[in-house]
Structure formats: structure tokens, C-alpha cells
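> Would you be able to build a 3D model of this:
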Amino acid sequence: MMSSQPPRPVSETLPRDVLLTLHEQYGLVPTAVSTLGGGHQSNAFRLDCGVQHVVLKLGPRWRSSAELEWSYSAAEHVAQAMAVAAIPLRTTAKAQVVRVGGRPMTVWPYVEGRGIDVSSDKECDLTAAVLGRMQARLATWRGAGARPATSPFALAMRRPARAPEALRDAGLDRWLTRWRARRSRLQGPMHGDFWGNNVLFDGRRIAAVIDWDDTRVGSLDRELAWAVWEFCGNPDLAALDGPKACRFLARYASGGGPVPVADRSFVVPLIREHLRYEALRALGAAEHGEVVDHGYTASAIRAFGALRGQSLGSAARPRRLRPKAVPAAPDSLQDIAARIGRTPRCGEQTGRT
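Next up is the predicted model:
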């Protein structure tokens with residue numbers, strides 16, 4: 001993890017109740033604090049505690065301790081076979097989560113590294129293999145059936161009052177209906193937020209997979225397809241690099257990934273489904289007053305349209321997906337901003353939803 005700001009005095013950064021909890025529950029007395037980059041739902045800090053360095057994470061109030069404990073149990077199961085799975089430290093009472101000021105607080109070992117450079121074939125190859133191994137390992141976890149329900153206040157539960165016309169696709173909806181009816185699609189526990197900033201590279205190898213808060217039971221096909229977009233897609237061009245995506249899938253399979261990849265026809269439709277989900281979630285959150293990244297939302301809508309009708313094909317005949325001329329989305333960034341009652345500033349970046 002890389003510090004986004006230089007160390008600051010502890011008293012200027014952390015409230016007294018957090019410092020007291022660190023001392024009483026973990027035996028830690030930080031001497032310096034650095035704010036770490038990340039999403040806007042949580043706050044993360046690197047703490048220098050003498051010779052020991054840890055990460056303090058304060059989550060959103062709507063996230064229950066039971067939900068997080070379940071997620072971290074899944075991470076522990078992976079960590080028994082894969083050292084890259086980051087797991088939180090336990091308190092003196094053996095708890096993984098404590099609540100401070102109504103927010104879930106966790107403490108993690110500090111791992112030196114940076115997010116994945118998606119332009120690096122080596123880093124993407126390593127990442128794909130790790131995803132395959134991780135999904136295969138999670139498939140052996142016996143605690144998957146006991147996940148506590150997600151809070152109705154979670155950002156993932158938000159939807160806008162009206163979906164933009166650009167996100168409507170009856171053909172995709174029919175494909176999804178057929179896909180959901182298939183008994184062969186794989187369901188199981190998964191990381192839930194597998195993207196470049198949650199996979200740390202130390203210059204030689206994958207050092208850690210972090211941020212297990214969104215771990216859940218769901219479609220492994222969907223998680224794999226979205227990872228293909230995260231590591232092989234170009235949101236700025238609204239395009240998917242077909243040969244790179246096929247290589248990612250091959251490396252995933254070589255890592256023991258449980259999703260069959262000989263038929264790749266599922267990848268692009270599931271990418272488009274998730275792009276639509278990301279856009280609708282962001283628009284719904286914004287309507288509820290949450291801070292979202294309008295640029296990210298607009299790029300998701302553009303990519304949803306640009307990938308319409310495209311396919312990776314089969315393993316025997318991989319297809320190169322050529323970027324199409326992408327017209328402005330019917331609901332442009334300004335249209336989206338108007339719907340949620342504010343105009344984004346030029347160059348605004350408010351964090352990934």
C-alpha cells in the first residue's frame with residue numbers, strides 16, 4: 001500500500017476514541033499517521049507503531065460487524081493456502097471487527113506494494129492466475145451458506161428513479177434470462193471487488209489481495225468477466241482488448257480457475273451487465289445524496305453501448321474486438337449531472353463507487 005499523504009501527527013488525524021481502542025483492544029500506540037488512498041466508503045490510514053506498521057480502516061456505518069466477520073473468515077480460508085490473502089489482526093478478545101463511533105474498525109498488517117499496472121502483461125498474467133487460484137480455494141470453504149444479509153442502506157442496493165435510455169437493452173435482458181436459467185453456471189463465495197487497486201504488486205510478485213469487505217456468494221462467471229474488463233478494458237476508449245482478454249482467461253485457467261473458458265461467449269454480455277449495474281448504482285446513490293464519480297459513471301454508460309453486439313468467441317478462434325465509433329451517450333455526463341441536481345466541475349474526481 002502506498003501512502004497518498006506524508007505522515008502527520010496522530011492527534012491531528014485520529015479521534016481520541018479510535019486511539020483508545022487501538023491501545024486497549026490491540027495494544028498499539030501509533031506515533032505517526034499517513035492517509036492512504038482508496039474508495040470513499042471507508043477511510044484507511046497507515047499507522048507507524050514503533051517497528052510495527054499497520055493499516056487502520058474505518059468502514060461505513062451501514063456495514064454490519066457480522067457481515068465483515070463472515071467476509072474475513074472467507075479471507076482466512078484463502079490465506080491458509082495462499083499467503084497473498086490479507087486478513088485483519090485480531091483484538092485481545094479475538095475479534096476481527098470492533099465498532100467505534102458507530103463505524104466498523106479493523107486493523108491490518110501493512111503490505112508494501114502498489115496497484116496493478118494494467119499495461120503490464122506480466123502483472124496481468126500474475127493477477128489472472130491469482131484470481132483462478134482464489135476462486136478455486138473459496139469453492140472449498142464450508143462457511144459460504146451463512147452470510148449475513150446486506151444492509152438496505154448499502155450503496156449496492158441503490159437504484160435511480162429512472163434508468164437512462166442508454167442502459168436499456170432488451171437483447172441483453174433476454175440473454176441474461178437464459179444465462180440465469182442454466183444449471184451449469186458456477187455459484188460460490190468470491191472476493192467481490194477484484195480490481196487493480198485491490199491487488200498489490202511489489203515489483204516481483206503479487207504481494208497481497210486486499211479489501212475483502214464485499215465478499216459474497218454469487219456468480220463466479222460474473223466475477224471473472226468483470227476482472228477481464230478491469231485488466232483488459234480501456235474505459236477511455238470504451239473498448240476491450242480481445243487478444244489480451246483471451247490471454248487473461250488462459251492464465252486464469254492455468255491457475256486452476258473453476259470457470260470453463262473454452263467458450264468465451266459469456267464474457268462480453270456479463271461485462272455489459274456489470275457496466276449497467278455500476279452506472280445504475282452510482283446514479284441511485286447520487287439521488288440519495290452520496291458523492292459519486294460522474295466521469296466513471298459516464299464512461300460505464302459509453303462502454304455499455306460500445307460493446308453491444310461484440311463477443312470474444314471461442315478458444316479456437318479468438319476475436320480481436322475493434323473499438324467502434326462511439327457516439328455520445330444519450331444521457332451525457334451533463335445530462336446525468338442535471339438529473340441528480342448538480343453540475344460536475346471540470347476534471348472532478350470524487351472516488352470510485
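
> Give me the pLDDT for the closest residue to His23 other than its chain neighbours.
Nearest non-adjacent residue to His23, counting by CB to CB, 6 or more residues apart in numbering: Val29, 5.8 Å away. From N, CA and C alone the C-beta is placed, and that goes for glycine too. On the pLDDT scale, Val29 is placed at 95.

> distance of Ala93 from Leu28?
Look at Ala93 and Leu28: by CB to CB, to the nearest Å, they are 15 Å apart.

> Give me the more crowded residue out of the two.
Leu28 (18 against 7; other CB atoms under 10 Å).

> How is the more buried one assigned, secondary-structure-wise?
coil (DSSP: H, G, I helix; E, B strand; the rest coil).

> From Val107, how far out is it?
Using CB to CB, Leu28 is found at 7 Å from Val107.

> what is in contact with these two at once?
Leu22, Val54 (CB atoms under 8 Å, 6 or more residues apart in numbering).

> List the contacts of the nearest residue to Arg103 once chain neighbours are set aside.
Nearest residue to Arg103, sequence neighbours excluded (CB to CB, 6+ apart): Leu58, at 5.0 Å. Neighbour list for Leu58: Val18, Ser42, Asn43, Ala44, Val100, Arg103, Pro104, Met105 [criterion: CB under 8 Å, 6+ apart].

> Would you check which pair of the residues you listed lies furthest apart?
Ala44 and Val100 (14.4 Å; CB to CB).

> So for the two, which sits in the more crowded spot?
More neighbours surround Ala44 than the other of Ala44 and Val100, with 21 against 16 (other CB under 10 Å).

> show me where the stretch 151-300 of the chain has helices.
With helices called from DSSP state H, counting those that start in this stretch, the stretch 151-300 of the chain shows them at 170-181, 220-232, 242-254, 267-287, 294-306.

> mind checking how far the second one is from the chain centre?
Right, the one you point to is helix 220-232. Centre-to-centre, helix 220-232 and its host chain are 11 Å apart (CA atoms, centre = their mean, to the nearest Å).

> before we move on, what about the shortest one?
Computed by CA atoms, centre = their mean, the separation of helix 170-181 from the middle of its chain amounts to 24 Å.

> Which strands or helices does that helix pack on?
Judged by 3 or more CB pairs under 8 Å, 6 or more residues apart in numbering; DSSP states H and E, helix 170-181 is in contact with helix 267-287.

> can you pull the buried residues of the helix it packs on?
Within helix 267-287, the residues that count as buried by 16 or more other CB atoms under 10 Å are 267-287.

> what does stretch 218-235 give?
Using 16+ other CB under 10 Å as the test for burial, stretch 218-235 gives 219-233, 235.

> do the same with stretch 232-247
Here stretch 232-247 shows Cys232, Gly233, Pro235, Ala238, Ala239, Leu240, Asp241, Gly242, Lys244, Ala245, Cys246, Arg247 as buried, counting by 16+ other CB under 10 Å.

> and of the residues you listed, the nearest to Ile116?
Nearest to Ile116 among the buried residues of stretch 232-247: Cys232, at 11.7 Å, using CB to CB.

> In contact with that closest one, which residues are there?
Applying CB under 8 Å, 6+ apart, the residues near Cys232 are Val118, Cys124, Leu240, Asp241, Lys244, Ala245, Phe248.

> again, 10 Å this time
Residues near Cys232 by CB atoms under 10 Å, 6 or more residues apart in numbering: 118, 124, 128, 239-249, 267, 271, 312, 321.

> re earlier: between the contacts of Leu58, which is closest to Val261?
Closest to Val261, out of all of those and judged by CB to CB, is Ser42, at 32.9 Å.

> The closest one reaches Trp108, doesn't it?
No. Contact criterion CB atoms under 10 Å: Ser42 and Trp108 do not qualify, at 11.7 Å.

> Under the pLDDT cut-off, which ranges of the chain? List them.
Scanning the chain for pLDDT under 70 picks out 1-9, 11, 37-40, 153, 155-157, 183, 314-353.

> Going along the chain, name the strands of it.
32-36, 43-49, 52-58, 98-100, 103-109, 114-115, 187-190, 199-201, 206-209, 216-219, 233-234, 239-240 (DSSP state E).

> I'd like the ones you listed written out as TSV, with distance to Pro260 added.
Formatted as TSV, the strands of the chain follow (distance: least, CB to CB, whole Å):
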stretch	distance to Pro260
strand 32-36	38
strand 43-49	37
strand 52-58	36
strand 98-100	42
strand 103-109	34
strand 114-115	29
strand 187-190	14
strand 199-201	23
strand 206-209	23
strand 216-219	13
strand 233-234	22
strand 239-240	20
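
> among these, which is nearest Ala166?
strand 239-240 (17.0 Å).

> Neighbouring strands - and their directions - for that closest one?
strand 233-234 (antiparallel) (DSSP bridges).
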